[in-house]
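**Q** The following block contains a protein sequence and its predicted model.
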Amino acid sequence: MGYSVHGPKARTGGQGQGLLPKESLYLIEICKGLFITMRHLVRNVFHMGDMPTLQYPDEKPDYGPWLRGRHRLMKREDGSPRCVACQMCSTICPADCISIMAMDDDRPDVEKSPETFDIDLLRCVYCGLCVEACPCDAIRMDTGIFEIAADNRAAFQVDMDFLLNNTTDGVKS
Amino acid sequence: MEAVFFYVFGTLAVISALLTVTRRDAVASAFWLIFCFLSVAALFALLSAHFMAILQILLYAGAIMVFFLFVIMFLGKSQDRVKTSDWRVVALGVLSLIGATVVLTRLVGSTHAPFPAVADSYGGIEAVSEVLLTKYLFAFELTGLLLTAAVIGAVYLARREAPGSRGAKAPVVRGLTSQAATSTASSSAVQHEDVPHA
Amino acid sequence: MAKMTIDGKEHEFEDGMNLFEACAVARGENLPHFCYHPGLSIAGVCRMCQVEVEGMPKLMIACNSQVKDGMVVHTRNERVDGAVRQILNFHLLHHPVDCPVCDQAGECSLQDFYMANGLYEADVDIEDKIAKGKVKPIGEMVMLDAERCVLCARCTRFTTEITQTHEMGIFNRGDHSEIDVAPGKTLDNNYSLNTVDICPVGALTSRDFRFRRRVWWLSETDGICHGCATGCNMSIHHSEGIVYRTKPRDNMDVNRYWMCDHGRTLYHEIAESDRLTQPSVRKARGELAQTASWDHAYRSIEAAGKALGGDDAALMIILSPHATVEELYAAKSVLSDSVGGALLGYRLRGSEIGEGDELLFDADRTPNAAGAKKLGLAEYDAKQLEAAANEKTMLLVVGGDLALAAPDAGAALSKFGCVVYLGWQENSTSMLADIVLPTSHYAEREGTFVNREGRAQTFAAAIDAPGEARDPLRVIRELGALFGHEPTWDGIEAVRSELCAREGAFAAMAQGVGPLGLALDAAAESEVERA
Amino acid sequence: MPDITELLWALGKIGFMLAVILGTLPVMIWAERKGAAYIQDRSGPNRASIGGVFRLGGLIHPLADVFKLVFKEEIVPAGVNVFFYHLAPIIMMTVALSTFAVIPFGDVLLLGTREIPLLVANLNVGILYILAISSLTVYGTVLAGWSSNNKFAFLGGLRASAQMISYEINMGLAVLALILVYGSVRLNDMVVAQGDLLWGFIPAWGVVLQPVGFVLFLVALFAETNRNPFDLPEGESELVAGYHLEYSSLKFALFFMAEYCNMIVGAAVVSTLYFGGWQVPWLTTEGLRENAGTLLTVSLSVGTLLNLLFATGLWRKFQGERGTLGDRRELESGILAVVFLGLALATGGYLLVGKPWDIGPAASAHFATVMQIGQFITKTLLFSWVFIWVRWTLPRFRYDQLMRLGWQYMLPLALLNFVVTAAFVLFTHG
């Protein structure tokens, strides 16, 4: 009821412009549209395999290497985290989902290392800025894991241990 | 069998009519009126007047009451309770009731003979149309004229003063696109001011 | 006066003024520099502040030049910028560029200048950087990373000129030069962390602050050190309700650029386990205190008052030089003047006096003794306390630790009918008290201290108090209400204005004390003069 | 008491009609979802299964929907008018179902000497009854919207009432023209009249005699059933869900079912009025009865062939799917292939053994009736599909467009159509 009509000019104002007479009749255009949708339907009925839909849990999409999946932390050769706790990732993180506690490392070649490295996957927006920011290539999002689901919030709070051994699907249980 | 149906629908009609006048909520009132119409339609059907029954539903229950409801809801005043305490209203109602009772008893009481049996076609479309378009043609046409007049009146009342109708022609200014010419007259007037005269 | 032109604009400066400072005034910002520090002598070693002076064949370092009439100086042109670029290249030649693990990152001059001069790719690159000592603790508080050093000599000049302890020096020659402590010495004087402050890069970092928080997450709040009567101005660096470090705030009249390590590390007490966070009530002497709600604590005070004899019970108040001026005034006016409690004094005579030094650290370890004196409060001695001890008296201790001040005060305390302690830290007095009311720490509340020179300095609350600890002013107000004399003021501003109006010594504070404090005596004198 | 058998027959016919409508409902819902999916290049529902084996291309989903709706929590929001709130869905469903009473779904059923007309009530007002009853649908919508105590629902109700008033007139005018052409208001008369041939080869269907009227009627029908492109009363983009916004659980299910019922009834009415109803094109009831043997043989042969085709296709699918899904779902096509093979064997066997080309007169009559009912159901389903098809093709009108179309274009056109038809009928019949 919000649209009041003032006169014949107002009614055509903004629409029906630039239409051919046969287009403004609309009926023929409707039939064309119906034809198009029916063409899709018939084609899809007879070529079901060609539909772009994936039968998701049975078929998995291949997103390729550019997919930003769940994070993982890289290791040094000795198995300790490559991370030096510079906190560039948590600084750049727009979702503020990374929290790191640094510690003094006793090893001669490592001055600083993370004591804790927690990511709140519920807050993460998967922007990948942490990967960009990392000066040591310590955090990557190349696991390809995008099915991240759990029935409790605590399961989404992943710690350094989990991120270093990031082999399981889903989230930690 | 017919008697049973008559009393059932008659009772329903009376009850719903009472509810119509006693409900304080306008929407509820309207709804009970619709119910009353439907019961009356059933009574018509029992009298073999199928066409009348259908018209009752189609026109009164189906069309007119929708308008009623539409207006009631649109005004949003269904919460405003109707005042019934005015003694003049009550008096008028009682008087009308007495008058109606007298007239009806006189009417019904005047014929002692049972109602004559009717043919199958009685009350059908053909029969009604026949009478309507021959015997009562003048009244029928007159009613049509009256309705036409009412429609014209309604259109006149509802018509808004079109902005372009004040003698101002749609401005034709060089540089204006055809779009402006087809948009509302008021907006093209604004554009008219914006475009410097060449 | 010297008329001169800096970057095409006419300026007028005092004759003989340092050109570096003149340029800073003219430009609105400092020239790039590492070695120049206003509190130290001129070294002229970093070569970053070079400017072009017309008529001079070579670029001049501004820090070691003086303003002269008719001078025409360019601080921003191609020649100067090129020189700065080259110097930066030079400084970075052997720098390890380990910013990710460097605590200085975020407040590092080298980083800042590097960014400002757009040196994203080094012009000079060498295969083998000279390795120097890393992660070397050179003292209790300071960690040395010689690789990051730009040899500005600020730290060596500090130990030579300010503390005159001569622990640090520059050793070796050429590109093998490095700073270190002298053989057999450690940097363990009470001012060692100032070297970390003045180090423009990450060569000297604080072991106390090491890796605890990246600096860009820290917020700063102005504070006043409560470690001694000097009242050093400091800024409290905190983040998400946690204080991470304190740094000196420049105030030429009090602490100049410096601050002692003792005061700096006091902030640890905020998060220590001996913080009082919940009121506690002891049912009877000898029993353990039970934590309680504030309501319960107040009701216990009321009940104790009745048990001590109702109207006959006496109230005695002991204040403390650890309390702010506002709190002292509030306690005095409300609990003493209105309620009628006897005011014993603000501290046990001669207590909390240690050894001071000539630089900043005062012998008096309390922050507000001068303020208490100005309020007309007096010291008391052990005999007075002993004499006042009475079965029918309720003692209210506002801050401070009596037992620490006088070891045998505990015996006197136990003679009181009921002891109520108001403070933020567990100590021997709070252990003896029957009812403990927890208050906020200095970093968690607002207030004013008067330092040894009679300078009133205000500080602001940086973080929230933990647990149920309350602002002492609020507690005093609530106690007043409990004793039937609810004060008219509410909030520190109201207390302050009442204080200024009623206490002549603080009248000058009515116009506010400003960020650098207000010398009350001088202000009072000038007011007298004006009158 | 002849009344008792009459009553039983009437009850039987009512039962048959209800079974057809309510049985078609889940199929319609399935067709809606699956059709939409295929139109949009998706697969649509195909997950719910019985015993982990039978998915039937998503046909199990409506069943699951029913369980879901039955077991969902029923929420009655605060501040509703309880009486009307509960009445509204009842009105919707009652009206939707009772419209079917006058629609003939076959000629007469011959039982011995007894002729049973295949429609529930042969009222002499016929089509007017449909118009009258369907005009009551709006009360369900309006009361639902009004009683829900929700502004969105209320706006939906308002829109519904205005829209229905506007398009009822066009619908009535289109029907009036049709009444002129057929000279009767009884639907069965209309259907019988459509059994004729024009110039000997074109079935005299309403759509041929009244093409403009058909378009008008169809458009008005879309508007009356609140289906896209006229589903403004529930326009989810601006009204969330319109008049049934505050309904949950089974009461929502009633609205949902009523919409599909209206759709089926609408489709039945269109096929009755404009597409010959139960009339098999080119074959009258007599023609059907005479040629029953041949027709039965032909249809059995075709049926056998189709079943064989399905069976082989499904078997191939079974072979192809084996090992890809990894659970019992793989069995489905195999089992179905066997079922279709069985059907093919049954029809083929009857073809060979039962001599279908040589059936008796009583069986012929029954065959004719079955053919006609089948014809009617087929047409109805086809038009129901048109509703779905249009929904997934066209965007929704804007409200002013809707009103403009109704009053400014369709009403004059309907009047013109009516006058022209009247003039034509007057001059030809005399």
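**A** Perfect, I can see it now. Only a predicted model underlies this, so the values are computations on that prediction, with no experimental measurement involved.

**Q** Which positions within stretch C:111-122 qualify as buried?
**A** For stretch C:111-122, a neighbour-count test (16 or more other C-beta atoms under 10 Å in any protein chain shown) marks C:111, C:113-114 as buried. No exception for glycine: its C-beta is placed from N, CA and C like everyone else's.

**Q** So, low pLDDT: which residues of chain B?
**A** Within chain B, the stretches with pLDDT under 70 are B:1, B:76-85, B:109-123, B:160-198.

**Q** can you check chain A too?
**A** A:1-24, A:167-173.

**Q** any chance you could map the strands in it?
**A** A:72-73, A:98-104, A:112-120, A:139-140, A:157-158 (DSSP state E).

**Q** how about CSV for those, with mean neighbour count added?
**A** Shown next, in CSV, are those (neighbours: other C-beta atoms under 10 Å in any protein chain shown):
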stretch, mean neighbour count
strand A:72-73, 20
strand A:98-104, 17
strand A:112-120, 20
strand A:139-140, 20
strand A:157-158, 19
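
**Q** quick one, which of those strands is nearest to residue D:312?
**A** Smallest distance to residue D:312 across the strands of chain A (C-beta to C-beta): 50.2 Å, for strand A:72-73.

**Q** Would you list the strands that the closest one pairs with, along with their directions?
**A** Partners of strand A:72-73 in the sheet, by DSSP bridges, are strand A:139-140 (antiparallel).

**Q** got a list of contacts for the strand it pairs with?
**A** For strand A:139-140, contacts defined as C-beta atoms under 8 Å, 6 or more residues apart in numbering or on different chains pick out A:71-74, A:83, A:89, A:130-131.

**Q** Make a ChimeraX selection of the buried ones in those residues.
**A** Buried subset of those, written as a ChimeraX selection, criterion 16+ other C-beta under 10 Å:
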select /A:71,72,73,83,89,130,131
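
**Q** Just the contacts of strand A:139-140: which are in helices?
**A** Among these, the residues falling in helices (DSSP state H) are A:89, A:130-131.

**Q** which one among these gets closest to residue A:121?
**A** Distance to residue A:121, by C-beta to C-beta, is smallest for residue A:130 among the ones in helices among the contacts of strand A:139-140, at 12.6 Å.

**Q** which residues sit in contact with the closest one?
**A** By C-beta under 8 Å, 6+ apart, the contact set of residue A:130 is A:71, A:88-90, A:92-93, A:98, A:139, A:141.

**Q** and which of the ones in helices among the contacts of strand A:139-140 is nearest chain D?
**A** Among the ones in helices among the contacts of strand A:139-140, residue A:131 lies closest to chain D (C-beta to the nearest C-beta), at 33.6 Å.

**Q** Look up how far residue C:103 lies from the residue of chain A found nearest chain C.
**A** Nearest residue of chain A to chain C: residue A:86, at 3.2 Å (C-beta to the nearest C-beta). According to C-beta to C-beta, to the nearest Å, residue A:86 and residue C:103 sit 10 Å apart.

**Q** same check, this time on residue D:150
**A** Here the distance between residue D:150 and residue C:103 works out to 60 Å (C-beta to C-beta).

**Q** got it, and residue C:306?
**A** Taken as C-beta to C-beta, the span from residue C:306 to residue C:103 is 57 Å.

**Q** Between these two, tell me which one has more neighbours.
**A** residue C:103 (23 against 11; other C-beta atoms under 10 Å in any protein chain shown).

**Q** Enumerate every residue touching that one.
**A** Contact partners of residue C:103, counting by C-beta under 8 Å, 6+ apart, are C:202, C:205-206, C:209-211, C:215.

**Q** what's the closest non-adjacent residue to the closest residue to chain D within the stretch 51-200 of chain C?
**A** Closest contact between the stretch 51-200 of chain C and chain D, by C-beta to the nearest C-beta, is at residue C:100 (47.5 Å). Spatially, and ignoring its direct neighbours in sequence, residue C:100 is nearest to residue A:86 (3.2 Å; C-beta to C-beta, 6 or more residues apart in numbering or on different chains).

**Q** Same question for residue D:119.
**A** Distances taken as C-beta to C-beta, 6+ apart place residue D:104 nearest to residue D:119, at 3.9 Å, with adjacent residues excluded.

**Q** these two touch, right, the one you found and residue D:121?
**A** No - at 10.3 Å, residue D:104 does not count as touching residue D:121 under the criterion of C-beta atoms under 8 Å.

**Q** Relative to residue C:346, how far out is the most centrally placed residue in chain A?
**A** Against the mean C-alpha coordinate of chain A, by C-alpha atoms, centre = their mean, the closest residue is residue A:126 at 5.9 Å. Using C-beta to C-beta, we find residue A:126 at a distance of 61 Å from residue C:346.

**Q** With residue B:33 instead?
**A** From residue B:33 over to residue C:346 the distance is 89 Å, taken as C-beta to C-beta.

**Q** who has more neighbours, these two?
**A** residue C:346 (30 against 22).

**Q** dump the residue contacts of the more buried one.
**A** C:318-321, C:328, C:369, C:372-373, C:377-379.

**Q** State the pair within those residues that is farthest apart.
**A** The distance between the two most remote of the contacts of residue C:346 (C-beta to C-beta) is 15.7 Å, for C:318 and C:373.

**Q** Can you report how many residues lie near the nearest residue to residue D:215 once chain neighbours are set aside?
**A** Residue nearest to residue D:215 in three dimensions, not counting chain neighbours: residue A:27, with 7.2 Å by C-beta to C-beta, 6+ apart. As a burial measure, residue A:27 scores 10 neighbours (other C-beta under 10 Å).

**Q** Quick check: residue D:89 touching residue D:259?
**A** No - proximity of residue D:89 to residue D:259 does not meet the contact threshold set by C-beta under 8 Å, at 11.2 Å.

**Q** buried sites along stretch A:152-164?
**A** Result for stretch A:152-164 [16+ other C-beta under 10 Å]: buried residues A:155-158, A:160, A:162-164.

**Q** What does residue 97 show for phi and psi?
**A** You didn't say which chain, so I picked chain A. phi -100, psi -10 (degrees, to the nearest 10).

**Q** Just list what the longest helix seen in chain B packs against, helices and strands only.
**A** Across chain B, the longest stretch assigned as helix under DSSP H is helix B:87-110. Where contact means 3 or more C-beta pairs under 8 Å, 6 or more residues apart in numbering or on different chains; DSSP states H and E, helix B:87-110 is not packed against any helix or strand.

**Q** Just the CA trace of that helix, in CSV.
**A** What follows is helix B:87-110, C-alpha atoms only, in CSV (Å, rounded to 0.1, in the frame of the first residue of the first chain):
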residue,chain,number,x,y,z
TRP,B,87,-29.6,5.1,26.3
ARG,B,88,-30.8,6.5,23.0
VAL,B,89,-29.0,3.8,21.1
VAL,B,90,-30.5,1.1,23.3
ALA,B,91,-33.9,2.6,23.0
LEU,B,92,-33.7,2.7,19.2
GLY,B,93,-32.6,-0.9,19.2
VAL,B,94,-35.5,-2.0,21.4
LEU,B,95,-38.0,0.0,19.2
SER,B,96,-36.6,-1.6,16.0
LEU,B,97,-36.9,-5.0,17.6
ILE,B,98,-40.5,-4.5,18.6
GLY,B,99,-41.3,-3.1,15.1
ALA,B,100,-39.7,-6.0,13.3
THR,B,101,-41.4,-8.5,15.5
VAL,B,102,-44.8,-7.0,14.8
VAL,B,103,-44.3,-6.8,11.1
LEU,B,104,-42.9,-10.4,10.9
THR,B,105,-45.7,-11.9,13.0
ARG,B,106,-48.3,-10.0,10.9
LEU,B,107,-46.7,-11.3,7.7
VAL,B,108,-46.3,-14.9,8.8
GLY,B,109,-49.6,-14.9,10.5
SER,B,110,-51.5,-13.6,7.5
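
**Q** Thank you, goodbye.
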